[in-house]
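A.B. asks: Sequence isn't available, so here's the structure alone:
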């Protein structure tokens, strides 16, 4: 019988005679991942070779772990039977009080090896532990309760009431914040309350939102620096993105109402922004970024995933419980119905994007986490009129943003529509410069699109220098 391979959270030992090395492995896995499994009676290659497993053996293993590992860990020790009748031991353990020592020495896990911790590494783990015990967002800010915006608190409580997670209604700012445990023992607002309910400073914006004229930041078409309360930031970010990407207009039969469907699901955008605001590292002093590029939308959150955690594990549904970076903010947003329990945000983004056929991915830079959504409307490639697909069938390719066959638009017309969608509007000069055509040709192209109802003209008169065309709202 084979149990597979060793990993950063799994260790095999041939027998309990290797208990000293086993304790080092337990220390290493606890310090690196906070959990792990160790097996006695198993070779390095995963083959079960068995060993004597009496009740006394099980008690001895339990005693080794609980007595030699500090702080104390209380493992689950089991006697297991292999298919061929051989017996072996499984030791499962977990702990959230790192650093852990084995016989007075500290280790960390590197692949399938155990490495002694250096003084600086040990110090970093101690600092991380203290932050987990007293996270930044739970610490007192020194700002009085009167600094909290009453309208923001009232709106928050009302949303929580509708979600069934905040009861009693709004009876004043101080009462609401006390119920949410957002007032520190010294009577000041906790840092979480400041981020949630206090207006920020223009000097240090909480969120930067950019509309870019390409796939880099070289050409900035619009830049916003927002300092509002958290729910206001969340609402504005969703509006900013959905207003600056293509939308499909669907006309319903009843009442002829028009439904606008953005090329990236609004719920996916909102979930990504909510995750960024909730789980970001607030001690960096940098802002969350929301950038709309020509081909992508990117949400940039300061800070990385906790060590041992990763976006892929959340996508796969294998993520473990980790200490939240900002538990007070997370609890508050949960009670307002903005987020669900920890670990469900990324799967919800995945579900929304898969339903809409939108590709997305996570990237981690040196000090930030980025959610990248691909813009389907920007990825359309158009063949010449009458061309055939690879299987020989003739097809009409339709741009979902404008609901017209792309083959019916000329190259200049398509470019005009792209400029209008990306920039919010298009002028004769802008189209002439971009498409490298004369102003007369650009003007004719825009008038032709307006006649077909694909663009609308905005201006005071034919000679108005501020006139432009835009996609009908």
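C.D. replies: Nice, thanks for sending it over. Computed from a prediction, not measured in an experiment: that's the story for all the values here.
A.B. asks: Three-state assignment for the closest residue to residue 40 other than its chain neighbours, please.
C.D. replies: Sequence neighbours aside, residue 89 is the residue nearest to residue 40 in space, at 4.2 Å (criterion: Cβ to Cβ, 6 or more residues apart in numbering). All C-beta atoms are positioned from the backbone trio N, CA, C, and that covers glycine. Using DSSP: H, G, I helix; E, B strand; the rest coil, the structure places residue 89 in strand.
A.B. asks: what's the helix or strand for residue 176?
C.D. replies: Secondary-structure element containing residue 176, defined by DSSP states H and E: helix 173-179.
A.B. asks: Now residue 446: closest residue in space that isn't a chain neighbour?
C.D. replies: Per Cβ to Cβ, 6+ apart, closest to residue 446 is residue 469, 5.1 Å.
A.B. asks: correct me, but the residue nearest to residue 40 touches residue 55?
C.D. replies: No - under the criterion of Cβ atoms under 8 Å, residue 89 is not in contact with residue 55, lying 11.8 Å apart.
A.B. asks: How confident was the prediction at the closest residue to residue 49 other than its chain neighbours?
C.D. replies: Nearest residue to residue 49, sequence neighbours excluded (Cβ to Cβ, 6+ apart): residue 43, at 5.6 Å. Note on residue 43: pLDDT of 95.
A.B. asks: Do I have it right that residue 43 meets residue 15?
C.D. replies: No - using Cβ under 8 Å, residue 43 is not in contact with residue 15; the gap is 10.3 Å.
A.B. asks: give me the low-pLDDT residue ranges for the stretch 351-473 of the chain?
C.D. replies: 377-408, 473 (pLDDT under 70).
A.B. asks: Am I right that residue 245 is in a strand?
C.D. replies: No - under three-state DSSP, residue 245 falls outside any strand and is assigned coil.
A.B. asks: who are the neighbours in contact with it?
C.D. replies: 262, 263, 264, 292, 297, 375, 377, 421 (Cβ atoms under 8 Å, 6 or more residues apart in numbering).
A.B. asks: Please identify the buried residues of the helix or strand harbouring the last one?
C.D. replies: When secondary structure is defined using DSSP H and E, the element that contains residue 421 is helix 411-423. Residues of helix 411-423 classed as buried: 412, 413, 414, 415, 416, 417, 418, 419, 420, 421, 422, 423 (neighbour count, 16 or more other Cβ atoms under 10 Å).
A.B. asks: for it, the distance to its chain's centre please.
C.D. replies: 31 Å (Cα atoms, centre = their mean, to the nearest Å).
A.B. asks: Can you name every helix or strand that that helix contacts?
C.D. replies: Packing partners of helix 411-423 (3 or more Cβ pairs under 8 Å, 6 or more residues apart in numbering; DSSP states H and E): helix 428-435, helix 439-451, strand 468-470.
A.B. asks: Comparing these, which stretch has the densest surroundings?
C.D. replies: strand 468-470 (a mean of 21; mean count of other Cβ atoms under 10 Å).
A.B. asks: what about it, distance to the chain center?
C.D. replies: Put simply, strand 468-470 sits 35 Å off its chain's centre (Cα atoms, centre = their mean).
A.B. asks: list the helices and strands it packs on?
C.D. replies: helix 411-423, helix 439-451, strand 456-458.
A.B. asks: let's go with 10 Å and repeat that
C.D. replies: The helices and strands touching strand 468-470, judged by 3 or more Cβ pairs under 10 Å, 6 or more residues apart in numbering; DSSP states H and E, are helix 411-423, helix 428-435, helix 439-451, strand 456-458.
A.B. asks: List of residues touching that strand?
C.D. replies: Strand 468-470 is contacted from outside by 416-417, 419-421, 423-431, 445-447, 449-450, 454-459, using Cβ atoms under 10 Å, 6 or more residues apart in numbering.
A.B. asks: Do I have it right that residue 159 meets residue 335?
C.D. replies: Yes - Residue 159 is within contact range of residue 335, at 9.0 Å (criterion: Cβ atoms under 10 Å).
A.B. asks: what's near enough to touch the residue nearest to residue 49?
C.D. replies: By Cβ under 10 Å, 6+ apart, the contact set of residue 43 is 2, 3, 12, 13, 14, 49.
A.B. asks: Roughly how far does the second one sit from residue 40?
C.D. replies: Using Cβ to Cβ, to the nearest Å, we find residue 3 at a distance of 12 Å from residue 40.
A.B. asks: cool, and the last one?
C.D. replies: As defined by Cβ to Cβ, residue 49 lies at a distance of 10 Å from residue 40.
A.B. asks: same question, the third one
C.D. replies: Here the criterion is Cβ to Cβ. By it, residue 12 lies 8 Å from residue 40.
A.B. asks: So for these two, which residues contact both of them?
C.D. replies: Common neighbours of residue 12 and residue 40 (Cβ under 10 Å, 6+ apart) are 18, 22, 88.
A.B. asks: Give me the pLDDT for the first one.
C.D. replies: Residue 18 is assigned a pLDDT of 95 by the prediction.
A.B. asks: ok, back up a step: which of the contacts of residue 245 are buried?
C.D. replies: The neighbour count (16+ other Cβ under 10 Å) marks 262, 263, 264, 292, 297, 375, 377, 421 as buried among those.
A.B. asks: How about the backbone phi and psi for the first one?
C.D. replies: Okay, so that is residue 262. In terms of degrees, to the nearest 10, the main-chain angles of residue 262 are phi -70, psi 150.
A.B. asks: tell me the contacts of the residue nearest to it when sequence neighbours are not counted?
C.D. replies: Spatial nearest neighbour of residue 262, chain neighbours left out: residue 242 (4.7 Å); criterion: Cβ to Cβ, 6+ apart. By Cβ under 10 Å, 6+ apart, residue 242 lies in contact with 260, 261, 262, 263, 264, 265, 266, 269, 270, 292, 297.
A.B. asks: now do 8 Å
C.D. replies: Residue 242 neighbours (Cβ under 8 Å, 6+ apart): 262, 266, 269.
A.B. asks: Check residue 367 too.
C.D. replies: With Cβ under 8 Å, 6+ apart, residue 367 has these contacts: 284, 302, 303, 304.
A.B. asks: Please report how far it lies from residue 215.
C.D. replies: Distance, residue 367 to residue 215, by Cβ to Cβ: 22 Å.
A.B. asks: and what of residue 31?
C.D. replies: Distance from residue 31 to residue 215, by Cβ to Cβ: 41 Å.
A.B. asks: give me the beta-bridge partners of residue 93?
C.D. replies: residue 36 (DSSP bridges).
A.B. asks: same deal with residue 369?
C.D. replies: residue 301, residue 364.
A.B. asks: What about it, how many residues nearby?
C.D. replies: Around residue 369 there are 21 other residues, counting by other Cβ atoms under 10 Å.
A.B. asks: thinking it is in contact with residue 303, fair?
C.D. replies: Yes - Residue 369 lies in contact with residue 303 (Cβ under 8 Å); the separation is 6.7 Å.
A.B. asks: Now, of the contacts of residue 367, which are buried?
C.D. replies: By 16+ other Cβ under 10 Å, these give 302, 303, 304 as buried.
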